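Undergrad: Please work out how this folds:
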Amino acid sequence: MKKMLIGLGGLAAVLLAAMPAYAGDTIKIGLILPYSGQFADTATQMDNAIKLYVKQHGDTVAGKKIEIIRKDTGGIAPPVAKRLAQELVVRDEVDILAGFVLTPNALAASDVSVEAKKFMVIMNAATSIITTKSPYSARTGVTIPQLNEAFGGWAYRSGIRKAFTMVSDYGPGHDAEGAFQRGFKEAGGNIIGSVRFPVANPDFSAFVQRAKDANADAIYVFVPGGVQPAAIAKALAERGIDARKHKVFGQGELTDPAALKSMGDAGLGIVTVLHYDYNHQSALNKTFTGAFEADYKRVPDIYSVGGYDGMHLIYEAIRKAGGKTDGDSLIAAAKGMKWESPRGPISIDPETRDIVQTVYVRRVEKVGGELRNVEFDKIDNVKDPVKARMKN
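TA: Take a look at the predicted model:
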């Protein structure tokens, strides 16, 4: 019977969508995250922030009780994510789908959002096209082009004229490479060389040497987290590239707190772009970070702030919609919404349903004996540039 339900999930969702939305006393949120597997810590960081938001703001909105039902995809598993979304809609009768750390899972679940007309909040997955797959989805995380195209333009304005890019050879790396190069070239810069290396590559020496030989004004690097940031920092140092003298740029994962602990002083001077860091200097962020550390004994990260803001969007959309839970009412309420986040001012673009936010440029410095990403410049009100071009 369970297999039959799952197999007929799409049909059931369509039938359910045709039924009237009854105003019950409980609003159910289906949270789909990779609670196990290699992305389990990412899910933990996001879910902890979700729990913190509910603790701070209560579990009742517009007179209705909030209930969260958690489902584990176990990692990158689009069929599993779609099945879980179907189960949440058909069996658990959730009103909202949320979470989504990983792009493939978000894309798969978007089909269910469309069929069942369910409000869907993308709290991290960063590929630009995701929100185009369901008219009921909105994003509170970031897009890779949003960060890197803005960063490419900033690099030119900061005096860089020739750049060399080196990125991991997979989807996010390609997106980052294309966005940085596009922003840099459109501003007037020249990309004088580029390389892609295997995602699991343990030795960056040859690639770094090619970048050094190119004699660029700056080297742009994109690698995923884990052990690779420290490995590439080591390769840069071994080839005589000191980021305090030779410009080394990258997306924030290159210098996240765990990476900085591993790379040591080789990280000093690296300049990165990101939309949030726990060291962001605002009163709201200090309160958020303090509460997060008190409850979970660690600092929040980009996944945490995406989950925290995702819950804010859900709560405020419900409140603005007067307690209605149908997808049309909630997405209409979400469009154009603005608020102050721990990361700074953010809003939901009413046309694309994507986040608009400040992009921060940071440099690794030693503060109180510890390596930190210190914000020294910013770009305000950045939209996803891919969708901006699509509109034009």
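Undergrad: Kindly provide the whole-number mean pLDDT of whichever strand or helix holds Glu365.
TA: Following DSSP states H and E, the helix or strand that holds Glu365 is strand 355-367. Averaged across strand 355-367, the pLDDT comes to 97.
Undergrad: The helix or strand just after it pairs with which strands?
TA: Where DSSP H and E defines the elements, the next helix or strand beyond strand 355-367 is strand 370-382. If you go by DSSP bridges, strand 370-382 pairs up with strand 355-367 (antiparallel).
Undergrad: Tell me how far the strand it pairs with lies from the chain's centre.
TA: Chain-centre distance of strand 355-367: 15 Å, with CA atoms, centre = their mean, to the nearest Å.
Undergrad: Dump the C-alpha coordinates for it into CSV.
TA: Taking C-alpha atoms only, strand 355-367 is exported to CSV below (Å, rounded to 0.1, in the frame of the first residue of the first chain):
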residue,chain,number,x,y,z
ILE,A,355,16.7,36.8,-2.3
VAL,A,356,18.2,40.3,-2.7
GLN,A,357,21.0,41.0,-0.2
THR,A,358,24.3,42.5,0.6
VAL,A,359,27.5,40.8,-0.7
TYR,A,360,30.5,41.2,1.6
VAL,A,361,34.1,41.2,0.6
ARG,A,362,36.4,39.9,3.4
ARG,A,363,40.1,39.5,4.0
VAL,A,364,41.8,36.9,6.3
GLU,A,365,43.5,38.7,9.1
LYS,A,366,44.7,37.8,12.6
VAL,A,367,42.4,39.1,15.3
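Undergrad: Number of residues surrounding Arg353?
TA: Arg353 has 22 neighbours, counted by other CB atoms under 10 Å. Quick note: C-beta positions are derived from backbone N, CA and C, even for glycine.
Undergrad: my guess is it meets Ser134, correct?
TA: No. Using CB atoms under 8 Å, Arg353 is not in contact with Ser134; the gap is 9.1 Å.
Undergrad: from memory His275 sits against Pro345, does it?
TA: No. His275 is not in contact with Pro345 according to CB under 8 Å; the separation is 11.7 Å.
Undergrad: Between the two, which contacts overlap?
TA: Gln357, Thr358 (CB atoms under 8 Å, 6 or more residues apart in numbering).
Undergrad: out of these two, which sits in the busier spot?
TA: Taking other CB under 10 Å, His275 and Pro345 do not tie; His275 has more neighbours (24 against 14).
Undergrad: check contacts around the closest residue to the more buried one other than its chain neighbours.
TA: Of all residues not flanking His275 in the chain, Val142 sits nearest, at 4.8 Å (CB to CB, 6 or more residues apart in numbering). Taking CB under 8 Å, 6+ apart, we find Val142 in contact with Asn124, Ala126, His275, Ile302, Gly306, Ile355, Gln357.
Undergrad: Run through the stretch 101-250 of the chain and note the low-pLDDT ranges.
TA: Residues of the stretch 101-250 of the chain meeting the criterion pLDDT under 70: 226.
Undergrad: That one: strands as residue ranges?
TA: Along the stretch 101-250 of the chain, the stretches classed as strands by DSSP state E, counting those that start in this stretch are 119-122, 137-139, 162-168, 190-197, 218-222, 247-251.
Undergrad: Dump those to TSV, plus distance to Lys51.
TA: Formatted as TSV, the strands of the stretch 101-250 of the chain follow (distance: least, CB to CB, whole Å):
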stretch	distance to Lys51
strand 119-122	16
strand 137-139	21
strand 162-168	32
strand 190-197	38
strand 218-222	31
strand 247-251	28
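Undergrad: Mean neighbour count, the ones you listed: which tops it?
TA: strand 119-122 (a mean of 30; mean count of other CB atoms under 10 Å).
Undergrad: Mind giving me the packing neighbours of that one?
TA: On a contact count with 3 or more CB pairs under 8 Å, 6 or more residues apart in numbering; DSSP states H and E, strand 119-122 meets strand 96-99, helix 103-116, strand 137-139, helix 302-320, helix 327-334.
Undergrad: mind checking which of those is nearest Lys55?
TA: helix 302-320 (10.6 Å; CB to CB).
Undergrad: tilt between the closest one and strand 355-367?
TA: Orientation check (axes from the mean of the first three to the mean of the last three CA atoms, to 10 degrees): helix 302-320 against strand 355-367 gives 150 degrees.
Undergrad: May I see the buried residues of helix 302-320?
TA: Across helix 302-320, burial judged by 16 or more other CB atoms under 10 Å covers 302-318, 320.
Undergrad: Ok, stretch 362-373 next?
TA: Arg362, Arg363, Val364, Leu371, Arg372, Asn373.
Undergrad: Now do the domain split for the protein, please.
TA: 2-142+283-353, 145-274+359-391 (automatic domain parsing).
Undergrad: Tell me how far the last one lies from the chain's centre.
TA: It refers to domain 145-274+359-391. 17 Å.
Undergrad: for the longest one, same thing?
TA: The chain centroid and the centroid of domain 2-142+283-353 are separated by 13 Å under CA atoms, centre = their mean.
Undergrad: list the contacts for Ile331?
TA: Phe119, Pro135, Tyr136, Ser137, Ala138, Ala317, Arg353.
Undergrad: right, and out of those residues, which lies closest to Ile69?
TA: Nearest to Ile69 among the contacts of Ile331, with distances taken as CB to CB, is Phe119, at 14.9 Å.
Undergrad: and that closest one, what are its bridge partners?
TA: Ile96.
Undergrad: Tell me which residues touch it, please.
TA: Applying CB under 8 Å, 6+ apart, the residues near Phe119 are 95-97, 113, 136-138, 314, 317, 325, 327, 330-331, 334.
Undergrad: As a markdown table, these with distance to Val223 would be great.
TA: Output for those, formatted as a markdown table (distance: CB to CB, whole Å):
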| residue | distance to Val223 |
| --- | --- |
| Asp95 | 39 |
| Ile96 | 34 |
| Leu97 | 31 |
| Ser113 | 32 |
| Tyr136 | 34 |
| Ser137 | 28 |
| Ala138 | 29 |
| Ile314 | 33 |
| Ala317 | 36 |
| Thr325 | 41 |
| Gly327 | 38 |
| Leu330 | 37 |
| Ile331 | 35 |
| Ala334 | 33 |
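Undergrad: Same list (the helices and strands packed on strand 119-122) but as CSV, adding distance to Gly75.
TA: As requested, these are arranged in CSV below (distance: least, CB to CB, whole Å):
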stretch, distance to Gly75
strand 96-99, 14
helix 103-116, 9
strand 137-139, 21
helix 302-320, 15
helix 327-334, 28
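Undergrad: Fine by me, we can end here.
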